[in-house]
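Novice: Below are the sequence and a predicted model for it; my questions follow.
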Amino acid sequence: MYGDSVTSVADPTAAPPPYYVPPPPNRFVRLMARAPKWLAPVSVLGCIAAAAGYTMLADPTESRADAAPTCLLKLTTGLDCPGCGGTRAFWYVLHGNLPAAARHHALFVFALPFLLYLYVAWTGQRVFKRKLPPLRITPTMIGVFLAVWLGFSILRNLPWAPFTWFYV
């Protein structure tokens, strides 16, 4: 009686499970399928240009610590967050002052050439069908970068010399 309803071995005469039939594409999917190939790289470039324009107009090097927009962590605790100094570093990069940019966020300045290369390679492949040599970023490299970033974030909040140099 109990063995009839529960089987431990699959029944070979049972019907196979139904195959997955994807739903028909909605309007958004159809629109994106017809979008020109250059639209995504131009959109990303527009976002970068908007960020650069805002940074140039806002001049984060002259603002007060509590001026909007501000880092909530720094405002409430006084500690530098992992991204603190990134906007000022971007401002200095836009003005060509790399030592001052590195002073505000060294890892941002280190990562910027890699990010630019990834964008140019992606745009070249998507728009012009040209492949640049691939930038081989392994999961280990990402893990090491994130560990260094965490260590940098901790060290910049220590109040002793020589770590006070990291404080922004």
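Specialist: Cool, the structure landed.
Novice: so where's the protein uncertain?
Specialist: Scanning the chain with the threshold set as pLDDT under 70 gives 1-10, 16-17, 63-70, 166-168.
Novice: SS state for residue 90?
Specialist: Residue 90 falls in the helix class when you classify it by DSSP: H, G, I helix; E, B strand; the rest coil.
Novice: do the same with residue 164
Specialist: Quick answer, by three-state DSSP: residue 164 is helix.
Novice: Chain neighbours aside, what residue packs nearest to it?
Specialist: Nearest residue to residue 164, sequence neighbours excluded (CB to CB, 6 or more residues apart in numbering): residue 158, at 7.8 Å. C-beta: built from backbone N, CA, C; applies to glycine.
Novice: neighbours around the one you found, how many?
Specialist: Using other CB atoms under 10 Å, residue 158 is surrounded by 12 other residues.
Novice: Same question for the one 5 residues further on.
Specialist: Residue 163 has 13 neighbouring residues, counting by other CB under 10 Å.
Novice: In this structure it contacts residue 156, no?
Specialist: Yes: the pair residue 163 / residue 156 is scored as a contact, 6.9 Å apart, by CB atoms under 8 Å.
Novice: Show me the residue at the heart of the protein, geometrically.
Specialist: In the chain, the centroid-proximal residue (CA atoms, centre = their mean) is residue 115; its distance is 9.2 Å.
Novice: contacting residues around that one?
Specialist: Residue 115 makes contact with no residue, according to CB atoms under 8 Å, 6 or more residues apart in numbering.
Novice: Look at it and give its secondary structure.
Specialist: helix.
Novice: hey, where'd the helices end up in this protein?
Specialist: 2-5, 27-34, 39-58, 72-77, 86-94, 98-104, 106-127, 139-155 (DSSP state H).
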